[in-house]
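Undergrad: Here is my input, please return the structure:
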Amino acid sequence: MSLLPETARRVDEIACRAQSAGRTPSLALAVVRDRAVLHFAGVGEHPVPDTKTQYRLGSITKTLTATMVMQMRDEGFFALDDLLYRHLPGTPIGGVTLRQLLGHVSGLQREPDGPWWERSTGGDADKLLADLGYDKLSGPPFRRYRYSNLAYGLLGAVLQRVTGESWSSLVSKRVLDPLGMKRTTYAPMEPFARGYVVHELDGSLHEEPRLDSGAMAPAGQLWSTVTDMAKWAAFLTDPAPQVLPRETVDEMCAPVVISDLESWTGGYGLGLQLFRVGERVFVGHGGSMPGYVAHLAVHRRSRLGVIAFANSYGLAGTHIREVTLEALTAAVDGEPATPAAWLPPAPPAGETVALVGRWWWMGREYEVHADGEALEMTGPHHRSRFVREAPDRWRGVDGDNEGEVLTVLRDADGTVPRIDIATFVFSRNPAHLA
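TA: Residues are numbered from 1 along each chain as shown. Sure thing, here's the model as predicted:
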């Protein structure tokens, strides 16, 4: 499985231009689908990139932290609307919720107290909490989007307190091991790319230290490879139930806040960034640590994703996010998904026999057909899917009537001339307008 030649050429051109214009020692760019690397473009010589060389993920790490928060929510450890002080008693900023921390709408400033955490050896969670003050709250929650690394340090502290285990142990046991991400590690493991600051005037390389972030590790510590991140991209498009059910990942991908109120090109869900490019919305996250930038974005419908790594602290004249989104757009445009083969449906049975066919509401025609054990309703600018909950009661599970109840209205003789969907009554009679 690989890209079409023209798409591959376009991705190669994007990678070469980004490495050259961005003046980065090496750049790795990969298009992935269903855990497989469809195309890899590696440019540069320090080191020569390949799919198994580690780069630092930076804030892509937050997506794994958020996944563990959602796991434990699903398991009943806490609710997303719990106030922080319930799990970290005594903190002066305990009046924010876990949901607000996940979505960067807590009002917290970006960084913790002390020296720049990305370039210093981090302390433990107790020190992180001891150094907090009211001054780190810049405003009330939900007033506006404010990206906060500190928020994810606090979420890591919550995970540690409620489980009694370290964040590094939890992420291995709960996420990396189940997904087979064996080359995603807390500390770098050879072969890995050294990270550099590239001097703007003479182009000289200055290697950056690779420090342990300590209590801030949940915000940006991990190292990974293209091969492993292909597995993570696949999880975001087709969730593995042993880690999270699809419904929970869908919840993470729903916007909590729009980060770009001027043009609505960006937003944030529960641990995942949202990027609007034209009429599409991509999901993923970017990351940077001294000496490294990284980005991951996926198009969930087509299951395509792009991973980009560079071992410099930024790209001159551009942003690795733009490189990733350009490559993903080229891949989705050039590699349309193959439609599934049509198969004749099983004939309706049981209660569905009385429900399939044409229905009318306010002079408009709708059609209901059976899809396995579910019902599909289509009509003017309308699509709904229902599953049976009880005799004569169906629940919307997708589309315009998600969450709503379809009630079967029977006459005395058992026939079904009408159905009621959330007080909207549909009739078999085209003249029915009530």
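Undergrad: Now do the helices in the stretch 201-350 of the chain.
TA: 217-220, 226-237, 246-253, 320-334 (DSSP state H, counting those that start in this stretch).
Undergrad: what does the shortest one rub up against?
TA: With CB atoms under 8 Å, 6 or more residues apart in numbering as the test, helix 217-220 has contacts from 57-59, 61-62, 65, 118, 122, 149-150, 152-153, 155-156, 159, 167-168, 186, 213, 287-289. From N, CA and C alone the C-beta is placed, and that goes for glycine too.
Undergrad: now whichever strand or helix holds E13: mean pLDDT?
TA: Using DSSP states H and E, E13 maps to helix 5-22. Mean pLDDT, helix 5-22: 97.
Undergrad: Now that helix - C-alpha only, CSV.
TA: Taking C-alpha atoms only, helix 5-22 is exported to CSV below (Å, rounded to 0.1, in the frame of the first residue of the first chain):
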residue,chain,number,x,y,z
PRO,A,5,3.1,8.7,-7.7
GLU,A,6,1.8,12.2,-8.1
THR,A,7,0.8,12.5,-4.5
ALA,A,8,4.1,11.1,-3.4
ARG,A,9,6.0,13.6,-5.5
ARG,A,10,3.9,16.4,-4.0
VAL,A,11,4.7,15.2,-0.4
ASP,A,12,8.4,14.9,-1.3
GLU,A,13,8.4,18.5,-2.6
ILE,A,14,6.7,19.8,0.6
ALA,A,15,9.3,18.0,2.7
CYS,A,16,12.3,19.2,0.7
ARG,A,17,11.1,22.8,0.7
ALA,A,18,10.4,22.8,4.4
GLN,A,19,13.8,21.4,5.3
SER,A,20,15.7,23.7,2.9
ALA,A,21,13.8,27.0,3.6
GLY,A,22,13.4,26.1,7.3
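Undergrad: hang on, the earlier thing: please name whichever of the helices of the stretch 201-350 of the chain is nearest to M1.
TA: helix 226-237 (12.0 Å; CB to CB).
Undergrad: Which strands and helices lie in contact with the closest one?
TA: strand 26-33, strand 36-44, helix 61-74, helix 177-179, helix 246-253, strand 280-289, strand 292-299, strand 304-310 (3 or more CB pairs under 8 Å, 6 or more residues apart in numbering; DSSP states H and E).
Undergrad: can we see that at 6 Å?
TA: Helix 226-237 sits against strand 26-33, strand 292-299, strand 304-310, with contacts defined as 3 or more CB pairs under 6 Å, 6 or more residues apart in numbering; DSSP states H and E.
Undergrad: now the angle from that helix to strand 36-44?
TA: On the basis of axes from the mean of the first three to the mean of the last three CA atoms, to 10 degrees, helix 226-237 is oriented at 130 degrees to strand 36-44.
Undergrad: which residues touch helix 226-237?
TA: 28, 30, 32, 34-35, 37, 51-52, 179, 181, 183-184, 298, 300, 303, 305, 307 (CB atoms under 6 Å, 6 or more residues apart in numbering).
Undergrad: pretty sure R385 is in a helix, no?
TA: No - read with DSSP: H, G, I helix; E, B strand; the rest coil, R385 is strand and lies in no helix.
Undergrad: burial measure for it, as a count.
TA: R385 sits with 19 neighbouring residues when counted by other CB atoms under 10 Å.
Undergrad: ok, now R56?
TA: 27.
Undergrad: swap in A316?
TA: A316: 13 neighbours (other CB under 10 Å).
Undergrad: what's the spacing between the nearest residue to it once chain neighbours are set aside and R17?
TA: In space, and not counting its chain neighbours, A316 is closest to R23: 4.6 Å by CB to CB, 6 or more residues apart in numbering. According to CB to CB, to the nearest Å, R23 and R17 sit 12 Å apart.
Undergrad: Which secondary structure element of this structure has the lowest mean pLDDT?
TA: helix 125-130 (a mean of 85; mean pLDDT, DSSP states H and E).
Undergrad: which secondary structure elements does it contact?
TA: helix 149-163.
Undergrad: what's in contact with the helix it packs on?
TA: Residues contacting helix 149-163 (CB under 6 Å, 6+ apart): 62, 65, 68-69, 77, 87, 101, 106, 108, 110-112, 125, 128, 167, 170, 215-216, 218-219.
Undergrad: Just the buried ones from those?
TA: 62, 65, 68-69, 87, 101, 106, 108, 111-112, 125, 128, 167, 170, 215-216, 218-219 (16 or more other CB atoms under 10 Å).
Undergrad: got the contact list for the most centrally placed residue in the chain?
TA: Centroid-nearest residue in the chain, with CA atoms, centre = their mean: L272, separated by 4.0 Å. By CB under 6 Å, 6+ apart, the contact list for L272 reads T63, M252, C253, V283.
Undergrad: My read is that the third one contacts L270, right?
TA: No - with contact defined as CB atoms under 6 Å, C253 does not count as touching L270 (8.2 Å).
Undergrad: Show me which of those two is the more surrounded one.
TA: Neighbour count, other CB under 10 Å: between C253 and L270, L270 has more, with 24 against 18.
Undergrad: now the end-to-end length of stretch 357-368.
TA: 5 Å (CA to CA, to the nearest Å).
Undergrad: buried stuff in it?
TA: Buried residues in stretch 357-368 (16+ other CB under 10 Å): W359, W360, W361, Y366, V368.
Undergrad: After the helix or strand containing the last one, heading C-terminal, what element do we hit next?
TA: Taking DSSP H and E as the definition, V368 sits inside strand 364-371. Once the chain leaves strand 364-371, the next helix or strand it forms, by DSSP H and E, is strand 374-379.
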